[in-house]
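Asks: sequence and predicted structure, then a few things I'm wondering about:
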Amino acid sequence: MAVFMKRVAALPAILFASACFAADPPVEWVDPDTGHLVRRLTDQPGSASLYFNQNGYLPDGKRLVYSTPGGIHAVDWETRASKQIVSGRVRLVEAGRRRPRVYYIKDGALHWTDADTGETRRVGALPPRGSIATINADETLAAGAYVERGAQVPMVQPAPAAGQGHSLEQPRNKGRMMEQRWAARLPMAIFTMNIATGEIRVIHRGNDWFNHFLFSPSDPGLLLFCHEGPWHKVDRIWTIRADGSQLRKIHTRTMQMEIFGHEFWSADGGTVWYDLQTPRGEVFWLAGLNLSTGERTWYHLQRNEWSIHFNVSRDGTLFCGDGGDPGQVARAPDGRWICLFRPERIPNRGAEDPSFVRPGVLRAERLVNMAKHDYRLEPNVSFTPDAKWVVFRSNMLGPSYVFAVRVEPPRKLSKAAKPAE
């Protein structure tokens, strides 16, 4: 595909949703409120990057895979050169970590396609009422869950997605749906699928609502998952081995209305990070558990810095967040920002105990003003492998597109990219 010519413009935030961009949306600009360079990576209205904790980066470290209403594409975030890999209505699962493959669901079965050669294979059919959400580190297994036969799933009909016409947006009645689905206590099974043979193996059964499956980025046999439902009513975060052994709870509640979730891995697979609130909507932490040592680290952040989703750079030195509007759990009056966070540990000058939480703070830097973004579409931030960009999806221009914001401080940007005086 051709590389699109860059157009750099300093655009006030109020113009981002203007109708004048409907036919010709800007490719690149400097956010006038932060000074950071923002780039629109995709040209297809309705395009979206993956959920924040799923791997969307091909092994070359230069290309991001994303979905469109018409298929799956890969884009170079530096040049904007894009290529369609899969055509048709499919559901993107993840990009491979070892091979340049994209994994996706088509016609009720798991498939993969090589992003370079176009080679395509059908792996195997999903179980009835089943889904697959993750591919392991060496691309030998996929994992997901299904509702056991005979169980009736209570569903609240979702409201139509305003202006989108597809399922990227959260339903307006999500809270009621979550309560009803959790209370049903349906029998479920967690399964793996062998990518070479399509063989399915059930590794865990129960009446909890199993969801958010995510294999470790380094250990092919370690799976992270959650007990879905209202966060204040569930023990959410768990790990299990791919053979069904070593079921482990990651966090134990110690106060009423304490909530924790939106869990994700560190790039080395050593730490599980998650949003922690003690209690719900009042005190905000980004918490982590080192799986080998048992050490817990909690980084505090302010109400207006809380995010629906957080993520971490591959070297573990930076975090990012996608913010939230006043209707989210933090009720932040000024929280609609993509933020960069630099973690700082608080030196211990008191008693030492290995069971103590290691406290710290996150120092926030605002990257993108999201005032024109409708947060029913969650931005789902992630760092590019080189940590030079934070990728997110947004409807700030009307339809959803995938964007990237440059992490480099504004003072180091080139003169051509500086906002107009």
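Replies: Yep, it's here.

Asks: the protein: helices as residue ranges?
Replies: Remark: helices assigned in the chain by DSSP state H are 174-183.

Asks: max-length strand in it?
Replies: Longest strand in the chain by number of residues (criterion: DSSP state E): strand 358-369.

Asks: tell me the pLDDT at the closest residue in space to residue 319 that isn't next to it in sequence?
Replies: Leaving aside its sequence neighbours, residue 319 sits nearest to residue 341 (CB to CB, 6 or more residues apart in numbering; 4.0 Å). (Glycine included, C-beta is placed from N, CA and C.) Model confidence at residue 341, expressed as pLDDT, equals 98.

Asks: cool, and the one 3 residues further on?
Replies: As predicted, residue 344 sits at a pLDDT of 98.

Asks: around it, how many other residues sit close by?
Replies: Residues lying near residue 344 (other CB atoms under 10 Å) number 12.

Asks: list the beta-bridge partners for it.
Replies: Beta-bridge pairing for residue 344 (DSSP bridges): residue 361.

Asks: gap between it and residue 104?
Replies: Distance from residue 344 to residue 104, counting by CB to CB, to the nearest Å: 40 Å.

Asks: list the contacts for the spatially most central residue of the chain?
Replies: With distances taken as CA atoms, centre = their mean, residue 52 lies nearest the centre of the chain, 0.8 Å away. Residue 52 makes contact with 262, 264, 309-311, 322, 378, 380-382, according to CB atoms under 8 Å, 6 or more residues apart in numbering.

Asks: let's see that with 7 Å instead.
Replies: Residues in contact with residue 52 (CB atoms under 7 Å, 6 or more residues apart in numbering) are 264, 309, 311, 380-382.

Asks: and these as a markdown table, adding pLDDT and neighbour count?
Replies: Listed next are these as a markdown table, based on pLDDT from 0 to 100; neighbours: other CB atoms under 10 Å:
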| residue | pLDDT | neighbour count |
| --- | --- | --- |
| 264 | 98 | 23 |
| 309 | 98 | 21 |
| 311 | 98 | 24 |
| 380 | 98 | 23 |
| 381 | 98 | 27 |
| 382 | 98 | 28 |
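
Asks: from those residues, which single one is nearest residue 44?
Replies: Taking CB to CB as the measure, residue 44 lies nearest residue 380 of the contacts of residue 52, at 17.2 Å.

Asks: is the closest one in contact with residue 49, as I believe?
Replies: Yes: with contacts counted by CB atoms under 7 Å, residue 380 reaches residue 49, the gap being 6.3 Å.

Asks: need the overlap of contacts for the two.
Replies: residue 393.

Asks: okay, now the closest residue to residue 138 other than its chain neighbours: neighbour count?
Replies: Ranked by CB to CB, 6+ apart and with sequence neighbours excluded, the top spatial neighbour of residue 138 is residue 220, at 4.5 Å. Neighbourhood size, residue 220 [other CB under 10 Å]: 19.

Asks: quick one: neighbours of the residue lying closest to residue 340 once chain neighbours are set aside, just the number.
Replies: Using CB to CB, 6+ apart and skipping the chain neighbours, the partner closest in space to residue 340 is residue 365 (4.5 Å). By other CB under 10 Å, 16 other residues sit near residue 365.

Asks: and residue 365, what pLDDT?
Replies: Looking at residue 365, the pLDDT reads 98.

Asks: from what I can see it touches residue 337, true?
Replies: No: counting by CB under 7 Å, residue 365 sits too far from residue 337 to count as a contact (9.6 Å).

Asks: what's the neighbour count on residue 63?
Replies: For residue 63, the count of nearby residues is 25 (other CB under 10 Å).

Asks: beta partners for it?
Replies: With DSSP bridges as the criterion, residue 63 is bridged to residue 76.

Asks: same deal with residue 239?
Replies: On the basis of DSSP bridges, residue 239 is bridged to residue 224, residue 248.

Asks: pLDDT value on it, please?
Replies: On the pLDDT scale, residue 239 is placed at 98.

Asks: mind checking how far it is from residue 43?
Replies: In terms of CB to CB, residue 239 sits 39 Å off from residue 43.

Asks: more neighbours: which of the two?
Replies: Neighbour tally, residue 239 and residue 43, criterion other CB under 10 Å: the higher count belongs to residue 239, 20 against 17.
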